[in-house]
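> need a structure here:
(3 chains)
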Amino acid sequence: MNESISSGSEVGRDAIPRQYLSFLLEDEAYAVDILRVREIRVWEHVTPIPNTAAFIKGVINLRGTLVPIIDLRERFGLDPRPYGPRTVVLVLVVADAGQERTMGLVVDGVSNVCTLAPDLISPPPDFGGAVHAEFITGLATLEGRMLILLDSDRLLNLAEIYAVGQVQQQANLDASPPPPSGEGD
Amino acid sequence: MAKILTVDDSRSIRQMVSLTLRTAGYDVVEAADGVEALEYASRNSVDLAIIDVNMPRLDGIALTRKLRELANWRFTPILILTTESSQERKQEGRAAGATGWIVKPFDPDSLLATIRKVMR
Amino acid sequence: MTIDPRQFHQVFFEESFEGLEAMEQALLTATPGQVEAETINAIFRVAHTIKGGAATFGFERIAALAHRLETLLDQMRAGKRLLDEPAIELLLGGVDLIRAMIEGARQGIGIDDEAQVGYISRLEQAIKGEAISPTPLPSAVTARPEPAPKAPAPGWRIRFRPDPSILAHGNDVVLMFRELSGLGDFQVKADLSALPSLPELEVERCYLAWQAELRGAVERRAVEEVFEWVADESELEILPIQGRGLPQPAAPVTDEAVPSGAGEAVPAVAVPKAATLQEAVRRVAAEPGGSIRVSIEKVDALVDLVGELVITQSMLSRLKGAVVGELGERLVAGLNQLERHTRNLQDSVLGMRMLPIAFVFNRFPRMVRDLAAGLGKQVVLEVQGESTEIDKTVMEAIGDPLMHLVRNAIDHGLEQPQERRSAGKPAAGRLSLSARHRSGSIYVEVRDDGRGIDPAKILDAARAKGLLSGDAPVDAEAALNLLFHPGFSTAAEVSDISGRGVGLDVVNRNVRALGGSVGISSDLGRGTLFTLRLPLTLAILDGQLVQVGGSNYILPLEAIVETIRLEPARLSSLAHWLELYLLRDDYIPVIHLARLFQCREAACERPLVVIVGYEGHRVGLVVEQLLHQQQVVIKSLESNFWKVEGISAATILGDGTVGLILDISGLIQIAGRVLGETTGWRPHRTASSEARP
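Alright, predicted model coming up:
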């Protein structure tokens, strides 16, 4: 099994080609391990969760399970786009602090499923695009186009989401403070 | 498949007997005491019964006696399970109509070896 | 070998714990010296079952101890000894020791040898006290056959004439011969000499005798074992063959040379796959008495599914007006039926999580007895309502708080007999535990008729601790409630003065975590009463849907005191989302939920204020609209998210969307915190603020 690890690459831990689901965000192509994808849904009504950052859109009912929904564009500070019929929610099952967690990710659109052999994947760059470099596990070229592979566990780490949310909320509060206390409204 | 009735008020012993027998390919019916067993026996026949002596409601000796009164149970092998290795208890069992006895503690292997003595 | 007895250990442990509990109950309720035979029998059977199991599963020391208890109980069964007070004490000690040993075995740790040795010698003395020596212990080692030494004889000559009744015992001569032929070269000849003439012949009797030769290296013991069950009623002769042509034995053949081990040929058994084994274990896990053990996860999965069904059903019921005519009527009839069945199904499924509170109460007779004895006090325990059913999760969580309250009552509440007598009370203190079900909650009471608690002393202590400032009058109830304050109970010297208070904050916290509450009332010199209000279940909630910021939220119905229209003139602002509202003659804090939750505030002409109460505190919640009331299935938001302030859980509403459940006690705390920061206000209890029961 080890013989086909491409030299110099730390990405190809085994030679078995894996499947990825690719999707679009700000006209860039990203992909996550398809084994993490529980299902793909069209955008639907979400119930907002109080006192959370704007990129946490709310929570939906997925056959009895409560699934929080994160907007990936807003998570990385891109301008919000109005949700349309092409807007999809990827429901991912991620490992977080030793347990499984189900979360939804709003992306601009899904492109397709692709199979990548490990030797086609090159190590992650030092810089990121819309998504910061620390969430990228590797890069691949598919049909002449660059595909950015994401670490979904890292991307949907609850502690990290919480921390980022706090910072964003604070920034919003500073930008537009609520009416000061004591004044009638 | 040969069918065996196991009667014991101890869940753990009953499970061990039962699983051991099932693993060896027997069909097993469980009863938790004498009354339950008698109720079943009055409507069903089996190829062997393994009965604990000490049980609430109806003990193993009394159960054996009652089983032997049933027409379909006259020749069915009945083994009694007893912790007492005393001759007295065994004789009591024999007198009630038991085919033989198994002395507790026993392990799964010796149980299987013993029941092969009475199963065709 | 193929079947490892260890897989049954867990069942053995559980069964033993259950048995010990039954034994303990029987001993505790027994009237010394006048115990009924059936009770002694029941106790005996527990010891007997544990002995059998322990020996079978290789727990020799447990088996040995159980055997001694059994011996003692056997003496009682035979009427040779009375089950009197000392004997009950001794047997209870045995229950404890076996329980500890089994617990030790379960966790793979040994337990204190000295305790065992000391107890066993006491037991031995008791047994010998009646001059009856114990029967020798069955050795647990016989569970493993010892390796058989080489057989000393070239073979055996067997003569066998069974009792004619042998067939009626289910014994089968053919099978015995089959077994013998498995041991060596076996030849048999029937002896028909005893066969009667045909008219006299009874078909169910056996008239035959046999002469046989078994050649090979076979132990005498192995041959004897084949005939073990019938030997006593049969003529049986087993003699060594003195023939030629076979190798001579290396040692002289004597009966004494036969080893006494239970050596037996062990036939091979097919190795089962692990999966089938587990499956089989699961299949046989059925319990007697028509009940089965199901994991709580499975029940909860069922609760979830039924919750989904309820939602589907309520979505369908919207179609009621959609079809007209005869078809429409049939649809309505069918939907009504579906609704009824769904509700019944939900009730049944939720009922599966319910257990009688006796499971918790049962541990107290023993504890009370031991504690009272240790303190030299006399206590009569009364238990009422033990069949009241309560959610399993709630039950597991209230065990410790209840234990704490009971211990406190005996330790601090009830007086010494002498002190009681001089106060004109009966020498024996009364402690009562009761449970009842009232309007969607379970009320559990722990009441004692002891010395009671002096509110004045509590106030002094609280002031000394800085928990209370100023000399403002505090009513007795508020003073007693200070006992639940965390700062109070950590002060050791305070507990000495008040006689109470140690760990009451923990009791309070645990019960509140369940969505319940603890109340206290005390009558100085006459006793103290603790009341625990607990939710009937943690799985469902009667909810009032309200609209806040355009979204639907659920308020627990039982928290709502009243709903009024908001009159802006009665508001005085404190903070962005918090105001004071003049309700009749009283100012109460009012939370603008939409502002607190930072949702865009929906334009609302006539907002409402829902007054909610919890633990005697009141706040008003400003909402846009009151919607319908509905029973909702509670789901944790935290399985995929974090705890959100002001939200206790979530549910799935009739249209399939998620609704968040408001956390009343959390909201009151938030309001109290902000109020405290801005005005120094503390949530306090007022007589008119009691939540709807």
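> neighbours of residue C:567, just the number please.
The burial count assigned to residue C:567 is 11, neighbours taken as other CB atoms under 10 Å in any protein chain shown. C-betas here are computed from N, CA, C, even on glycine.
> swap that for residue C:165, sorry
Residue C:165, neighbours per other CB under 10 Å, totals 14.
> before we move on, what about the one 5 residues further on?
Using other CB under 10 Å, residue C:170 is surrounded by 24 other residues.
> Check the gap between it and residue B:75 for me.
According to CB to CB, to the nearest Å, residue C:170 and residue B:75 sit 6 Å apart.
> how about low-confidence regions in chain B?
In the predicted model of chain B, residues B:84-86 satisfy pLDDT under 70.
> Scan it for its longest helix.
Determined from DSSP state H, the single longest helix within chain B is helix B:11-23.
> Give me the residues contacting the helix or strand just after that one.
As assigned by DSSP states H and E, the chain's next helix or strand after helix B:11-23 is strand B:27-31. Strand B:27-31 is contacted by residues B:1-7, B:14, B:17-18, B:21-22, B:37, B:40, B:44, B:46, C:284, C:286 when judged by CB atoms under 8 Å, 6 or more residues apart in numbering or on different chains.
> what about burial for these, which qualify?
B:4-7, B:14, B:17-18, B:21-22, B:37, B:40, B:46, C:284, C:286 (16 or more other CB atoms under 10 Å in any protein chain shown).
> how about the strand or helix carrying residue C:225, does it get close to chain B?
In this assignment (DSSP H and E), residue C:225 forms part of helix C:220-226. Yes - using CB under 8 Å from any CB of the partner chain, helix C:220-226 comes into contact with chain B via residue C:226.
> Show me what that helix is packed against.
Counting contacts by 3 or more CB pairs under 8 Å, 6 or more residues apart in numbering or on different chains; DSSP states H and E, helix C:220-226 is packed against strand C:155-161, helix C:173-183, strand C:235-240.
> per-residue confidence at residue C:621?
As predicted, residue C:621 sits at a pLDDT of 94.
> Confirm that it lies within a strand, as I assumed.
Yes - with DSSP: H, G, I helix; E, B strand; the rest coil as the criterion, residue C:621 is part of a strand.
> Tell me how many other residues crowd it.
Residue C:621 has 25 neighbours, counted by other CB under 10 Å.
> Leaving out chain neighbours, which residue sits closest to it?
What sits nearest to residue C:621 in space, not counting adjacent residues and going by CB to CB, 6 or more residues apart in numbering or on different chains, is residue C:610, at 4.8 Å.
> My guess is residue C:338 contacts residue C:316. True?
Yes - using CB atoms under 8 Å, residue C:338 makes contact with residue C:316 at a distance of 6.9 Å.
> hang on, the earlier thing: just the contacts of strand B:27-31: which are in strands?
Among these, the ones falling in strands (DSSP state E) are B:3-7.
> Same list (those residues) but as JSON lines, adding distance to chain C.
Putting these into JSON lines (distance: CB to the nearest CB, whole Å) gives the following:
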{"residue": "B:3", "distance to chain C": "15"}
{"residue": "B:4", "distance to chain C": "13"}
{"residue": "B:5", "distance to chain C": "13"}
{"residue": "B:6", "distance to chain C": "10"}
{"residue": "B:7", "distance to chain C": "11"}
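> Go ahead and report the secondary structure state at residue B:98.
Assigned with three-state DSSP, residue B:98 falls in the coil class.
> Surely it is in contact with residue B:76?
No - here residue B:98 lies out of contact with residue B:76, judged by CB under 8 Å, at a distance of 10.8 Å.
> where do the contact lists of those two overlap?
In contact with both residue B:98 and residue B:76: residue C:170, using CB under 8 Å, 6+ apart.
> Of these two, give the one with the bigger neighbour count.
Each of residue B:98 and residue B:76 has its neighbours counted (other CB under 10 Å); residue B:98 has more, 30 against 20.
> nearest spatial neighbour of residue 62, skipping sequence neighbours?
Went with chain A since none was named. residue A:91 (6.4 Å).
> Let me rephrase: I mean chain B.
residue B:34 (6.5 Å).
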